[in-house]
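Enquirer: how would this look folded up:
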Amino acid sequence: MQVTVHHRDPVLLVASWHNVFFGYWCGGATVQALRILEGHERALHARLGERLAVYTIVEPSAMRFDEAARVEATRVAREMGPKVAGHAQVIDGTGLIAAAARAIVTGVNLLARQPHPARVFSKDGDAARWLVQFVQSAQPAATAALLAAVSDVRSRFAAGAAPPK
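Expert: Residues are numbered from 1 along each chain as shown. Have a look, this model is predicted:
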């Protein structure tokens, strides 16, 4: 099964693969972008009829949130939480700023008390090995297949892939 790109703009790419829902952020989240993300997540959940494995990639430039986006992100997380089986968040980057961002997101996850497990990672391999337990029809090669899908999402974002018409 191939990765399907549902949306792409300069800030956000939304894609799916099996029951994995990808959000790739390369710019600061906005209320509009969060609503786009939510709409596609709801549509995938409705189409599959099962809980989703969510894989979020956040580039360092995307760690900017204004107050309205923070409130909207909290609302989306609360409403979508029951539809999620597990959520892996990969915060790209090295050094103190990236480590601090991962620590902050980990703390927010603990305080949010989501009805699903959520973990923050610095590397795709670690995130895929953890998230694969929530992937539809996981088989022995599922981690490698999930990593290939992650690589595909990253390359499509870099190439400016557009969603199907």
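Enquirer: show me where pLDDT drops low in this protein?
Expert: 1, 108-112, 137-141, 161-165 (pLDDT under 70).
Enquirer: try 90 this time
Expert: Filtered on pLDDT under 90, the chain yields the residue ranges 1-2, 26-29, 58-75, 77-78, 91-115, 120, 122, 135-147, 154-165.
Enquirer: what's the distance between the residue nearest to the spatial centre of it and Ile91?
Expert: Against the mean C-alpha coordinate of the chain, by CA atoms, centre = their mean, the closest residue is Thr56 at 2.0 Å. For Thr56, the distance to Ile91 equals 9 Å [CB to CB, to the nearest Å]. For the C-beta atoms, the positions are set from N, CA and C on the backbone; glycine is no exception.
Enquirer: got the contact list for Asp124?
Expert: Residues in contact with Asp124 (CB atoms under 8 Å, 6 or more residues apart in numbering) are Val90, Leu147, Val150, Ser151.
Enquirer: all strands of the protein, in order?
Expert: 4-8, 12-17, 20-25, 52-58, 84-91, 118-121 (DSSP state E).
Enquirer: want to try TSV for the ones you listed, with distance to Ala46 as columns?
Expert: Formatted as TSV, those follow (distance: least, CB to CB, whole Å):
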stretch	distance to Ala46
strand 4-8	13
strand 12-17	12
strand 20-25	12
strand 52-58	11
strand 84-91	14
strand 118-121	22
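Enquirer: And these: which comes nearest Val135?
Expert: With CB to CB as the measure, strand 52-58 is the member of the strands of the chain nearest Val135 (5.2 Å).
Enquirer: For the chain, just list every one of the helices.
Expert: Applying DSSP state H to the chain gives helices spanning 31-48, 67-80, 95-112, 124-131, 142-159.
Enquirer: Now do the first one: distance to the chain's middle.
Expert: The offset between the C-alpha centroid of helix 31-48 and the centroid of the whole chain comes to 12 Å, using CA atoms, centre = their mean, to the nearest Å.
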